[in-house]
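Chemist: Sequence and computational prediction follow.
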Amino acid sequence: MKLLLIISLLVGLTACAPRRPAQVDEVNPKPQRSHTRLNSRHTERKNKTTQQYKVKKGDSLYSIGFRYQVDYKKLAALNDIKPPYRIYPGQIIRLKGSIPAATPKQPAKTQPLTSGPKVSSGKEKTQPQVTQAPATNRPKTSTTAKSSQPEKPKPEVKPAVKPTRKPVVTATPNNSNLKWLWPTDGKIRSTFLASNPARKGISIGGREGQPVKAAEAGVVVYSGNGLLGYGELVIIKHNDQYLSAYGHNKALKVKEGEMVKRGQVIAELGSSGTNVNNLHFEIRKNGKPVNPLDYVKP
């Protein structure tokens with residue numbers, strides 16, 4: 001009975017005691033920037049950094065256009081570069097923007113011809129001729145006056161800057177009807193996907209050292225390893241619209257400026273720039289990657 005009384009007293013005391021509000025911890029008190037805003041800033045920063053490119057040794061106008069998916073003809077027009085498209089280390093190449101309008105040539109100004117001495121008629125009055133004083137009577141100019149005149153500064157002769165590499169042959173092959181050839185033996189490892197920057201072309205598996213052939217006739221506009229992720233790379237220009245590219249080779253068999261035939265061996269398959277033996281094959285139309293399987297079949 002006593003125990004029940006004690007329990008009832010304790011319950012009554014706790015009920016009468018003032019209640020404190022429960023403590024709530026604040027979550028993320030600082031305002032955070034939205035992902036959309038962050039992404040937009042990142043995009044703006046990325047766009048700013050890719051507005052122009054500083055030429056490095058070994059670059060060509062074709063390789064720069066290939067790297068940034070810009071047609072070489074547009075790069076030439078944006079930067080007022082004439083064939084054979086010479087570029088120099090340290091030169092700034094604009095990648096975007098409006099093409100400057102060509103300034104019209106001003107017609108050459110012609111001055112009227114000076115007529116000869118007039119023949120005076122008998123009616124006209126003859127003017128008396130003024131004889132010039134002999135040279136001995138002329139005042140001599142002092143040598144000190146001549147020396148006081150400042151000498152004109154001689155123009156600085158700047159050392160000639162060598163181009164990044166010898167410009168390639170710019171003659172465009174007359175290939176209006178292209179008939180694409182499968183570039184090497186092997187099965188397709190990965191296909192083209194426009195939304196994936198790593199799949200701008202197709203990957204064809206094969207054995208090390210097997211021949212890689214030109215898919216169509218053209219001129220080699222790039223042969224080297226200066227493009228990150230492509231290894232030993234060959235780029236062939238087929239006409240004003242189309243280029244084809246062959247990457248990850250073991251060895252290159254052609255040089256820049258060399259004309260190649262359809263089916264000619266241009267490289268040996270390898271794994272440069274990757275960890276597996278395969279050929280990375282691309283076709284570009286006006287600088288943009290297109291699906292090679294729309295043009296060539298295995």
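Modeler: Great, that's in hand. Since this is a predicted model, take the numbers as computed values, not measurements. Numbering: from 1, shown residues only.

Chemist: which stretches of the chain form helices?
Modeler: Ranges of helices in the chain, per DSSP state H, are 2-16, 35-49, 61-68, 72-78, 143-148.

Chemist: Any idea which of those has the lowest pLDDT on average?
Modeler: Lowest mean pLDDT of the helices of the chain: helix 35-49, a mean of 42.

Chemist: any weak-confidence spans in the stretch 151-298 of the chain?
Modeler: Within the stretch 151-298 of the chain, the ranges that satisfy pLDDT under 70 run 151-175.

Chemist: For residue 185, give its distance to residue 228.
Modeler: From residue 185 over to residue 228 the distance is 28 Å, taken as Cβ to Cβ, to the nearest Å. In this view, the C-beta of every residue, glycine as well, is placed from N, C-alpha and C.

Chemist: For residue 52, list each beta-bridge partner.
Modeler: Per DSSP bridges, the residues bridged to residue 52 are residue 94.

Chemist: Would you check that it makes contact with residue 91?
Modeler: No. With contact defined as Cβ atoms under 8 Å, residue 52 does not reach residue 91; the gap is 10.2 Å.

Chemist: one step back: could you check which of residue 185 and residue 228 is surrounded by more residues?
Modeler: Counted by other Cβ atoms under 10 Å, residue 185 and residue 228 do not tie: residue 185 has more neighbours, with 16 against 8.

Chemist: Spell out which residues sit in contact with the more buried one, please.
Modeler: Applying Cβ atoms under 8 Å, 6 or more residues apart in numbering, we find residue 185 in contact with 206, 210.

Chemist: got it, and residue 55?
Modeler: Per Cβ under 8 Å, 6+ apart, neighbours of residue 55: 64, 87, 88, 89, 90, 91, 92, 93, 164.

Chemist: got it, and residue 275?
Modeler: The contact partners of residue 275, by Cβ under 8 Å, 6+ apart, come to none.

Chemist: Residue 52 and residue 91 - which one has more neighbours?
Modeler: Between residue 52 and residue 91, counted using other Cβ under 10 Å, the more crowded position is residue 91 (17 against 14).

Chemist: thought that one was touching residue 54?
Modeler: Yes. Between residue 91 and residue 54 there is a contact under Cβ under 8 Å: 7.4 Å.

Chemist: the domain parsing of the protein - what is it?
Modeler: 40-94, 188-294 (automatic domain parsing).

Chemist: first to last residue in the last one, what's the distance?
Modeler: Using Cα to Cα, to the nearest Å, one end of domain 188-294 lies 14 Å from the other.

Chemist: For residue 285, grab the count of nearby residues.
Modeler: 12.

Chemist: give me every residue that touches it.
Modeler: Residue 285 touches 241, 242, counting by Cβ under 8 Å, 6+ apart.

Chemist: Return the set of residues that bridge with it.
Modeler: Beta-bridge partners of residue 285, as defined by DSSP bridges: residue 242, residue 288.

Chemist: any idea how far residue 276 is from it?
Modeler: 28 Å.

Chemist: same check, this time on residue 249
Modeler: Noted for residue 249: a distance of 13 Å to residue 276, by Cβ to Cβ.

Chemist: So the two - more neighbours on which side?
Modeler: Ranked by neighbour count (other Cβ under 10 Å), residue 249 and residue 276 place residue 249 first, with 27 against 10.

Chemist: Quick check, the more buried one in contact with residue 265.
Modeler: No. Under the criterion of Cβ under 8 Å, residue 249 is not in contact with residue 265, lying 11.0 Å apart.

Chemist: what residues do these two have in common as contacts?
Modeler: residue 212.

Chemist: so what's residue 278 bridging to?
Modeler: The partner residues for residue 278, given DSSP bridges, come to residue 205, residue 270.

Chemist: you'd agree it is up against residue 250?
Modeler: No. Contact criterion Cβ under 8 Å: residue 278 and residue 250 do not qualify, at 11.1 Å.

Chemist: Could you check which of these two is surrounded by more residues?
Modeler: A side-by-side neighbour count of residue 278 and residue 250, using other Cβ under 10 Å, places residue 278 first with 22 against 17.

Chemist: OK, contacts around residue 206?
Modeler: 184, 185, 186, 269, 277, 278, 279.

Chemist: Now the buried members of those.
Modeler: Among these, those classed as buried by 16 or more other Cβ atoms under 10 Å are 184, 185, 186, 269, 277, 278, 279.

Chemist: measure residue 266 to residue 229 for me?
Modeler: Counting by Cβ to Cβ, the gap from residue 266 to residue 229 is 19 Å.
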